[in-house]
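A structural model of the following input is requested.
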Amino acid sequence: MKDIQPTSQFAGDDGAADAELVRLLEGLRAGTTPLRDVVHRLAATRVLVPVLAEVEASATVEHDGTELQVDKEASAGVVALEAPDGRRALPIFSSVAAMTAWRAHARPVPVEAARAALSAVAEKWSLLVLDPAGPVTVLVPRPAVWALAQGHPWVPALTPTADGLVVDDEVARAVADAAAPVQHVVRAHAEPGRKAEVAVVLALDPGLDRAGLDTVLGQVNARLAAAKVVADRVDSLELRIGAAR
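Residues are numbered from 1 along each chain as shown. As a prediction, this is how the structure comes out:
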């Protein structure tokens, strides 16, 4: 990761966490602060990227019940975490103390969070993990990483309401517009997913055989992948077949 180099602007950095970021992280843990606010603050914050001389092959990090495997970029000693789905995440830290709690021998490299995100994108690493050893661990999803890297505000695909999460209107329209032209799709709508961030629920013509169903799903997947709003704002998708009422 050649892009990540310390710069003179951090010469006086004492390694402490940004006070406002700490406050927001506590709110996130308590359920009173949305992840969007944390990402917004990250855009204006210095973070620390760890560099390791050696990495234990069996090292893992757990986040929300998911085990992330530690990997290393051999040329530079920059660490990546690999999720079960194969995606890689760049670990970043709010403070030297948080990094030391994770790996005492890691060397901290201070950079702007936006620059760390840009470097992760350049390496085709999809995610950022803030403070893997706590006190509050945050998995920054792919669309938020892309927004940070581009200097844009992140608008999540799911919006909280009094009745729970709903899919943002722009994303819902993009999903419906992508799926509608596919033959045998009667109707399509988006809702919060069970295993993925967003579920695309398809109502299909009755009587499709397996080959026909596979063709429809393949075409829907291809159109969703090509839809810019979906690609930019949705971290993960699942397809479900609903009733054609």
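
in this structure, which spans are strands?
46-51, 60-63, 66-73, 78-82, 88-92, 107-112, 127-130, 138-140, 158-161, 164-167, 185-192, 198-204, 237-242 (DSSP state E).

avg pLDDT for the fifth one?
When you say that, I think you mean strand 88-92. For strand 88-92, mean pLDDT rounds to 94.

repeat that for the shortest one.
In this model, strand 138-140 carries a mean pLDDT of 94.

so what are the sheet partners of that strand and their directions?
strand 127-130 (antiparallel) (DSSP bridges).

which residues does the partner strand contact?
With contacts defined as C-beta atoms under 8 Å, 6 or more residues apart in numbering, strand 127-130 is touched by 38, 42, 47, 61, 63, 68, 81, 83, 87-94, 113, 116-117, 120, 137-142, 144-145, 148. Using the backbone N, CA and C atoms, a C-beta is placed for each residue, glycine as well.

where in the protein is pLDDT low?
By pLDDT under 70, the low-scoring segments of the chain are 1-8, 10-11, 54-76, 243-245.

okay, domains of it per the record?
Using automatic domain parsing, the domain parsing of the chain gives 8-150, 158-242.

do a quick rundown of the helices in this structure.
Remark: helices assigned in the chain by DSSP state H are 19-30, 35-42, 96-102, 113-122, 142-150, 169-179, 210-226, 228-233.

any idea how far the third one is from the chain center?
Chain-centre distance of helix 96-102: 22 Å, with C-alpha atoms, centre = their mean, to the nearest Å.

pull the CA atoms of that helix into PDB?
This file holds the C-alpha atoms of helix 96-102, laid out as PDB (Å, rounded to 0.1, in the frame of the first residue of the first chain):
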ATOM      1  CA  VAL A  96      -2.500   4.300  19.600                       C
ATOM      2  CA  ALA A  97      -4.200   2.700  22.600                       C
ATOM      3  CA  ALA A  98      -6.800   1.000  20.400                       C
ATOM      4  CA  MET A  99      -4.100  -0.300  18.100                       C
ATOM      5  CA  THR A 100      -1.900  -1.500  21.000                       C
ATOM      6  CA  ALA A 101      -4.900  -3.400  22.400                       C
ATOM      7  CA  TRP A 102      -5.100  -5.200  19.000                       C
END
